[in-house]
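Asker: Give me the fold of what follows.
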Amino acid sequence: MSDRGPLARLKQRLGFEKPLRKNDCLPKNRPGGASGINRFERRYYSQNGEDGILAELFRQIGGEKFFVEFGVENGLECNTAYLARRLGWSGVMMEADERRFEELRKNYRRFPKIRTVRALVTVENASRMFSEAGIPREFDLLSIDIDGNDYWVWKTLLTEYTPRVCVVEFNANYPPPALWVLEYDSAFRWDDTTYFGASLSSLTALGESAGYALVGTDCNLVNAFFVRRDVMPSGIAEIRPEDAYHFPPSFPRHPYRAGPSLAV
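Answerer: I've put the predicted structure just below:
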């Protein structure tokens with residue numbers, strides 16, 4: 001069935017469960033099946049299996065059901081749409097692009113618990129943007145997907161905010177134990193190449209320095225999941241980057257481009 005047209009758009013708005021995208025850690029592709037948090041992968045609004053992972057994490061952790069996500073585009077394929085549209089969470093969604101933000105605003109006008117903000121979050125304005133949005137110092141979930149300065153913005157926010165769970169996109173083109181971070185540039189815009197973000201090992205090191213444990217990635221090696229150590233549930237195990245990165249990334253692939261970077 002075509003994934004375009006009015007029916008497909010309606011299904012996207014309603015959050016019909018979708019099959020997981022082709023990857024190498026689905027049960028049929030791995031002896032013994034998926035393990036760790038990948039056992040919980042389900043896909044309603046998320047790009048990969050993030051919906052199921054987050055639902056299970058917070059089933060075990062609990063919390064106030066409040067999230068912040070930026071880089072959500074129109075808000076219908078992101079890490080927090082399922083929480084907002086199906087589970088009744090409150091939260092703040094931020095998007096920089098004008099056209100996508102207008103779509104986001106329309107898509108959430110019937111969800112009074114969700115605040116939509118047009119903003120390009122940078123190191124220079126992150127704290128101010130969070131303060132103006134009324135975000136508490138401690139909240140449940142922070143999700144970062146800005147295709148560029150993710151590491152630097154996360155580092156800045158962790159000096160003031162302590163979300164229970166953080167989901168951060170990483171660059172799978174630099175497998176563990178490689179330390180690789182795009183050099184900070186507030187004007188950076190992703191050009192669909194391999195030059196963006198940070199490696200999984202670099203994000204893990206940053207998380208550890210702020211009291212967060214890596215608990216896994218989605219099967220397609222797009223997003224990394226970190227849980228604050230003091231709320232780590234007994235049913236979830238910490239994992240090393242080397243163990244989370246258990247196969248070459250199969251989705252997606254981008255043209256290679258080098259650029260200024262740091263080994264941190």
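Asker: all helices of the stretch 101-250 of the chain, in order?
Answerer: With DSSP state H, counting those that start in this stretch, the ranges of helices along the stretch 101-250 of the chain come out as 126-132, 150-157, 200-209, 241-244.
Asker: Same list, those, but as a markdown table with mean pLDDT please.
Answerer: Below are those laid out as a markdown table (pLDDT from 0 to 100):
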| stretch | mean pLDDT |
| --- | --- |
| helix 126-132 | 94 |
| helix 150-157 | 98 |
| helix 200-209 | 98 |
| helix 241-244 | 92 |
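Asker: So for residue 164, which of those helices sits nearest?
Answerer: Checking the helices of the stretch 101-250 of the chain against residue 164 by CB to CB gives helix 200-209 as the closest, at 12.8 Å. For the C-beta atoms, the positions are set from N, CA and C on the backbone; glycine is no exception.
Asker: any low-confidence regions in the stretch 51-200 of the chain?
Answerer: By pLDDT under 70, the stretch 51-200 of the chain contains no weakly predicted segment.
Asker: how about the strands in it?
Answerer: For the stretch 51-200 of the chain, strands defined by DSSP state E, counting those that start in this stretch occupy the ranges 66-70, 90-95, 114-118, 141-144, 165-169, 181-182.
Asker: In TSV: these, plus distance to residue 128.
Answerer: What follows is the strands of the stretch 51-200 of the chain, written out as TSV (distance: least, CB to CB, whole Å):
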stretch	distance to residue 128
strand 66-70	14
strand 90-95	13
strand 114-118	12
strand 141-144	16
strand 165-169	20
strand 181-182	23
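Asker: got TSV for those, with distance to residue 46 and mean neighbour count too?
Answerer: Below are these laid out as TSV (distance: least, CB to CB, whole Å; neighbours: other CB atoms under 10 Å):
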stretch	distance to residue 46	mean neighbour count
strand 66-70	11	24
strand 90-95	14	23
strand 114-118	16	18
strand 141-144	10	24
strand 165-169	10	24
strand 181-182	24	23
